[in-house]
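Chemist: Kindly return the folded structure for what I paste below:
(chains A and B)
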Amino acid sequence: DAKTTQPPSMDCAEGRAANLPCNHSTISGNEYVYWYRQIHSQGPQYIIHGLKNNETNEMASLIITEDRKSSTLILPHATLRDTAVYYCIVRVDGTASKLTFGTGTRLQVTL
Amino acid sequence: GAVVSQHPSWVICKSGTSVKIECRSLDFQATTMFWYRQFPKQSLMLMATSNEGSKATYEQGVEKDKFLINHASLTLSTLTVTSAHPEDSSFYICSARANGDTQYFGPGTRLTVL
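Modeler: Predicted coordinates:
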């Protein structure tokens, strides 16, 4: 699976949009981009995933560049409860496919 | 939907004893479950992949005789840490693959070995 690069930390004011970038320049055509987050001392929570089209659900939006070499996770109105480590993971779907966690981005939402 | 539970949420045991951790998919069937370990201030590390009705596949460096995995049904996988030692103290997290290949994670089990 392709490697991803994320900034180690970001800050965001409550109520503002949080835009978390991820670089995956070696992504293959059949690899999906997944986003998870981990709130302190909890298991990771699935947020969203996509292949090449932009995706939106009740939690966030995922914007994937046309060349698929990078993506951005957008939390439209960040709250204090969104403070967590956010992981961008690239993987091929399939029964043998594993999730490999990097170091992620620690998002701190402040008042 | 797609809820995964773990039991217990935390456990303290004496060195040399064995500890069993259960992982259940509550509202879906999972032919594949995964076990991860996370040390303080580190990322999750995959330990093994568990397939229902077959032997688990362990990642390099993970002792299969120490970390016993049983995936006896489509909704239950267990991890047994045998002869636990203080260095096995960690946060153990399972995940289950739902339809469409997305993995959903349990809340984790914190193991402390004295």
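
Chemist: And the pLDDT for residue 97?
Modeler: Just going to use chain A. Model confidence at residue A:97, given as pLDDT, is 77.

Chemist: That was the other one, I meant chain B.
Modeler: pLDDT for residue B:97: 90.

Chemist: How about it: which residues does it bridge to?
Modeler: With DSSP bridges applied, residue B:97 shows beta-bridge pairing to residue B:103.

Chemist: Provide a list of residues in contact with it.
Modeler: When contacts are counted by C-beta atoms under 8 Å, 6 or more residues apart in numbering or on different chains, residue B:97 touches A:95, B:30, B:31, B:32, B:33, B:34, B:103. The way it works is simple: take the backbone N, C-alpha and C, and place the C-beta from them, glycine included.

Chemist: Go through stretch B:91-111 and flag the buried ones.
Modeler: B:91-98, B:101-111 (16 or more other C-beta atoms under 10 Å in any protein chain shown).

Chemist: Excluding chain neighbours, give the residue nearest to whichever residue of chain A sits closest to chain B in space.
Modeler: Among all residues of chain A, residue A:43 sits closest to chain B, at 3.8 Å; criterion: C-beta to the nearest C-beta. Spatial nearest neighbour of residue A:43, chain neighbours left out: residue B:105 (3.8 Å); criterion: C-beta to C-beta, 6 or more residues apart in numbering or on different chains.

Chemist: My guess is the one you found contacts residue B:92. True?
Modeler: No: using C-beta atoms under 8 Å, residue B:105 is not in contact with residue B:92, being 11.4 Å away.

Chemist: related to what we said a few turns ago, to which secondary structure element is the residue of chain A closest to chain B assigned?
Modeler: If you go by DSSP states H and E, residue A:43 is not part of any helix or strand.

Chemist: quick one: contacts for the spatially most central residue of chain B?
Modeler: The centroid of chain B falls nearest to residue B:35 when counting by C-alpha atoms, centre = their mean (3.8 Å). By C-beta under 8 Å, 6+ apart, the residues touching residue B:35 are B:23, B:46, B:47, B:48, B:50, B:67, B:69, B:77, B:79, B:92, B:93, B:94.

Chemist: Next to chain A, which bits of chain B? Give me the list.
Modeler: Remark: the part of chain B in contact with chain A comprises B:2, B:4, B:6, B:31-32, B:34, B:36, B:43-46, B:49, B:91, B:93, B:95, B:97, B:101-108, B:110, using C-beta under 8 Å from any C-beta of the partner chain.

Chemist: which residues touch the residue nearest to residue A:43?
Modeler: Per C-beta under 8 Å, 6+ apart, neighbours of residue B:105: A:36, A:43, A:44, A:45, A:46, B:4, B:93, B:94, B:95.

Chemist: Give the other helices and strands that the helix or strand hosting the first one contacts.
Modeler: Just to be clear, that refers to residue A:36. Counting by DSSP H and E, the element that carries residue A:36 is strand A:31-38. Judged by 3 or more C-beta pairs under 8 Å, 6 or more residues apart in numbering or on different chains; DSSP states H and E, the packing partners of strand A:31-38 are strand A:45-50, strand A:61-64, strand A:84-92.

Chemist: quick one on the thing from earlier: where's the residue nearest to the centre of chain B relative to residue B:81, distance?
Modeler: Distance, residue B:35 to residue B:81, by C-beta to C-beta, to the nearest Å: 11 Å.
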